[in-house]
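> let me see the structure of the following:
(one chain, ligands or ions: 1)
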Amino acid sequence: MKSIKKPIVIVGAGFGGMTVASNLKELNPSLPILVVDSEAKFIFKPLMYEVLSEELSMWETAPEFSNIFSNLGITFLRNCLTKIRFDEKILEFSDDLNIGYECLILCTGSLSSNFSVRGVDENCYFFNNLNDLKKLKSFLQKFQNDKIKKNLFVIGAGPSGVEIACKINDIYKNKFDISIVERSNEILGRNKIFNREEAEKALEKRKINVLLNSTVQEISDQKISILDGSEIKDLDQDIVIWTAGVKPNLPYIDAQVTQKDGRILVNENFQIDNCVNSFAIGDISIIKGMEDLPLTAQVAMQQGNHLAKNIELLFQEKELLPFNFEDNGEMISLGIGEASISALGVTLSGKFAFEARRLIYASKMPDISKSLKSTASWLFQKKSTINNFINKKP
Ligand SMILES: Cc1cc2nc3c(=O)[nH]c(=O)nc-3n(C[C@H](O)[C@H](O)[C@H](O)COP(=O)(O)OP(=O)(O)OC[C@H]3O[C@@H](n4cnc5c(N)ncnc54)[C@H](O)[C@@H]3O)c2cc1C
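Reported below is the predicted structural model:
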């Protein structure tokens, strides 16, 4: 084993970073690992809808990084990466701190993208991180006692748009006329057919309008302008939630790094071209030859798991192994107490799917249950009992 003097630095402790850090520590406890994140808390994004509906509390889905990592025996630093000097193997942070590394793993995720549509940043709510969730929740609560129905638009009929529309409908019954605006001719265009059909039923049952083949042109503080065929419609809006897409979160990257569609291009071992011992996984990366992988926690966690094994091989001076994605299916929440699951040939919907979804997510968390003993969350307490269920799962 090659001896290393500087740490392995993991920047971004979301699904990819958390998985690579905890697996690497387990594989080789003697490796010096430093995890850096600009935020204080991990956020389990697939369960943000349940925080909005108060089916889960904030603390259950957003544990403190400092607790998680101290229990894993990994050093954690809260700081924001601003620049990488790849040639010198130096990272620059927002408070002028510079850190040298032996090996670098980048997994800083994605940000909402406004796709250059006018008025989006100023007039829309987003749903991509903890701050977005808090802002949206406190804004929606203002309408709790309103007698007059408000016009609420959700832009984008991907999983986020459909899930949030169903959830808001169920929380704030009869407070909003909800419309989903989608540029293409179908909802959930990249999802499994079973989930799409269940979602269509869920939207219909809730009388949520779905405006297909409709492209948002501009959003002002009171209107939303939509191109429908050749006609432009200006509709009154009280709230617009933008879930139309994301872009990689890479403000620290310079021209030296090859990018594709704005994401860092890596090879099948996650190595960044021309940058020694530097890797990227999760939403910020795109693998040469596997460009169609979805931007999901499932992908980021499988990559984190694989990369941990590869880093161990790297320090043993052995050949790295290529990554293969295994599609374990997908789950969508459809309002309070309902969900749809399509996984490895098995489909489930309704209340049982809702419970199964929560339990499966709990089991998919990186192994941080020890660090959360004090908070005794159901999410993690149930982890061991549900592992049997998950192992039997499709
Ligand atoms: C509402 C919502 C629901 C979702 N539901 C699902 C689902 O049901 N199933 C599924 O598989 N996927 C789902 N996803 C997608 C999934 O969450 C992402 O694909 C996944 O989080 C990507 O993991 P990652 O490690 O690349 O990035 P993230 O998990 O986003 O982590 C990135 C981390 O990097 C940190 N960071 C960013 N910039 C810096 C910097 N400059 N310096 C230091 N730290 C930095 C951030 O604070 C963050 O902690 C959902 C996403 C959203 C928004």
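> so the spatially most central residue of the chain versus residue 109, what's the distance?
For the chain, residue 45 is the residue whose C-alpha lies nearest the centre (Cα atoms, centre = their mean; 5.2 Å). Using Cβ to Cβ, to the nearest Å, one gets 9 Å for the distance from residue 45 to residue 109. For glycine as for every other residue, the C-beta is placed from the backbone atoms N, C-alpha and C.
> what touches both of these two?
Common neighbours of residue 45 and residue 109 (criterion: Cβ atoms under 8 Å, 6 or more residues apart in numbering): residue 14.
> sorry, back to before: please name the nearest non-neighbouring residue to the residue nearest to the centre of the chain.
Sequence neighbours aside, residue 297 is the residue nearest to residue 45 in space, at 6.7 Å (criterion: Cβ to Cβ, 6 or more residues apart in numbering).
> what helices and strands are in contact with the helix or strand containing residue 354?
Using DSSP states H and E, residue 354 maps to helix 351-364. Contacts defined by 3 or more Cβ pairs under 8 Å, 6 or more residues apart in numbering; DSSP states H and E place helix 351-364 against helix 297-315, strand 330-333, strand 339-343, helix 378-381, helix 383-392.
> at 7 Å instead, please
Where contact means 3 or more Cβ pairs under 7 Å, 6 or more residues apart in numbering; DSSP states H and E, helix 351-364 is packed against strand 330-333, strand 339-343, helix 383-392.
> now that helix, how far from the chain's geometric center?
17 Å (Cα atoms, centre = their mean, to the nearest Å).
> repeat for stretch 116-133
16 Å.
> how long is it from one end to the other?
23 Å (Cα to Cα, to the nearest Å).
> what comes into contact with the one helix or strand residue 84 maps to?
In the assignment (DSSP H and E), residue 84 maps to strand 81-85. The contact list for strand 81-85 (Cβ atoms under 7 Å, 6 or more residues apart in numbering) reads 11, 36, 91, 92, 93, 94, 252.
> tell me which residue of the stretch 51-200 of the chain lies closest to the ligand.
Across the stretch 51-200 of the chain, the shortest distance to the ligand (Cβ to the nearest ligand atom) belongs to residue 109, at 2.5 Å.
> quick check: phi and psi at that residue.
phi 70, psi -150 (degrees, to the nearest 10).
> try residue 64
Dihedral angles (degrees, to the nearest 10) for residue 64: phi -70, psi 130.
> can you give me the helices for the stretch 51-200 of the chain?
58-61, 65-72, 120-123, 130-141, 159-171, 193-205 (DSSP state H, counting those that start in this stretch).
> any idea what sits nearest residue 169, other than its immediate chain neighbours?
Residue 169 sits nearest to residue 206 (Cβ to Cβ, 6+ apart), 4.5 Å away.
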